[in-house]
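J.: Quick check, what structure comes out for this input:
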Amino acid sequence: MYCVLKQHKLYSERKLLIKSIAIIPFRDFRGKSRLARSCGGQLDDRSRQMLLKNLLIYVVNTIKRSHLFKKVLVVVGKDAPISQLEFLGLPLLVADGKDINSQLNNATKMLMGQCEALFSFASDLIFLNISYVRRVFRTASDLAKSKRRGVVIGVSKRLGCATLVQIPPGVIPFDLGRKNNLVRHLKITKKKHIETRFVFAFEGYFDVDEPEDFLEATYLSNKFPYPSFQSAKRLQRFLVKLNPS
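T.: Numbering: from 1, shown residues only. Next comes the predicted model:
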C-alpha cells in the first residue's frame, strides 16, 4: 500500500511538471586538471579521462532512471569531443558559446519552447542518486504550484550550485564554473525578486574538483555503498582500482 501511495505521489509531481528537461553541462575529457599529478593530484591523463567518462555516464543514467524528465541532455560546445560522446550513447545538445555558461544560456534559449522547468545537474556529482533527484523535483514541484518565477538550488562544496532548477527556463542566467557561484546566483535572484529554494543533501553536495575531494570520495565509496544499478557499480570499482587503500 505504501509503495502504491508513493508511486501515486511521484506521478502527481511528474504531472505538475510534465514538461521538464534535465541538462548536464560538459566541457571535454581534459578537465579536472587539479587532479593531475603535475598539479599535486593523484591521476595521470588517462585516469582523469576515465574518471570524467565514468562520472558523466553515471550522472546521466541516474537522472534517466528517475523517470521524471521529458529529456535528459548533455550540453556541450562545438569544440567538445562529440564523436566520442556519441559513441558512448549519450544524448547531446550542441550549443554555441565561448565558455560553459554561454553554452548553457544558449541551450536554455533552444529549450524554452519545449519545457516549463529546466533542471541542471553537474557532471561530477559522484554520490548522486535517484532519491536526491526526486527530492529536487519535489521541491521544484512545490515552487511551481505558486505560479511564480523561481529557482531551486542544490548547494555543493565551496558554495557552489551543482544543481540549479529554473522555473521557467531562462529566469536567471547561468554563472557556474567558479568558486562561490552560489553567492553570485543569489545576488541575481535578489535583484530580480525571484523566489529561491534550497536543497541540502550529501548526494548533491559532493562534487570532485580538488585532490582532497578525490581522496575523500575514494574513502567514502568504501564506507557507504552506491545504489545497486550497474553504472554505479562500475564507477565504484573504478575508484577502488585507482586508490585501493
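
J.: Show me which parts of whichever helix in the chain runs longest are buried, residue by residue.
T.: In the chain, ranked by residue count with DSSP state H as the criterion, the top helix is helix 45-64. By neighbour count with 16 or more other CB atoms under 10 Å, helix 45-64 contains the buried residues 47-64. C-beta coordinates here come from the backbone N, C-alpha and C atoms, glycine included.

J.: With stretch 95-115 instead?
T.: Applying 16+ other CB under 10 Å to stretch 95-115 flags 95, 100, 101, 103, 104, 105, 106, 107, 108, 111, 115 as buried.

J.: could you list every residue that touches the closest residue to the fifth one other than its chain neighbours?
T.: Setting aside the residues directly before and after it, residue 104 is nearest to residue 174 in space (CB to CB, 6 or more residues apart in numbering), at 4.1 Å. Neighbour list for residue 174: 100, 101, 104, 105, 108, 120, 164 [criterion: CB atoms under 8 Å, 6 or more residues apart in numbering].

J.: which residues does the residue nearest the centre of the chain form a beta bridge with?
T.: The chain has residue 121 as the residue nearest its centroid, 1.7 Å off, counting by CA atoms, centre = their mean. Per DSSP bridges, residues listed as beta-bridge partners of residue 121: residue 163.

J.: same thing with the one 4 residues further on?
T.: Listed by DSSP bridges, the beta-bridge partners for residue 125 are residue 207.

J.: so how many other residues sit close to it?
T.: Residues lying near residue 125 (other CB atoms under 10 Å) number 26.

J.: separation between it and residue 193?
T.: 30 Å (CB to CB, to the nearest Å).

J.: do the same with residue 82
T.: Taking CB to CB as the measure, residue 82 falls 39 Å from residue 193.

J.: Looking at the two, which is more packed in?
T.: Between residue 82 and residue 193, counting by other CB under 10 Å, residue 82 is the more crowded of the two (15 against 8).

J.: tell me the contacts of the more buried one?
T.: 76, 92, 94.

J.: beta partners for the spatially closest residue to residue 86 that is not a sequence neighbour?
T.: Closest residue to residue 86 apart from its sequence neighbours, by CB to CB, 6+ apart: residue 92 at 6.6 Å. Beta-bridge pairing for residue 92 (DSSP bridges): residue 74.

J.: hang on, the earlier thing: turn the contacts of residue 174 into TSV, including secondary structure, distance to residue 201 and pLDDT.
T.: Shown next, in TSV, are these (DSSP: H, G, I helix; E, B strand; the rest coil; distance: CB to CB, whole Å; pLDDT from 0 to 100):
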residue	secondary structure	distance to residue 201	pLDDT
100	helix	24	88
101	helix	24	91
104	helix	23	95
105	helix	26	94
108	helix	25	95
120	strand	16	96
164	strand	15	95
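
J.: so where's this protein uncertain?
T.: Low-confidence segments of the chain (pLDDT under 70): 1-18, 31-43, 209-215, 218-245.

J.: What ranges does it have for its helices?
T.: Secondary structure of the chain by DSSP H: the helices cover 2-16, 45-64, 82-87, 100-111, 130-145, 181-191, 202-205, 211-223, 230-242.
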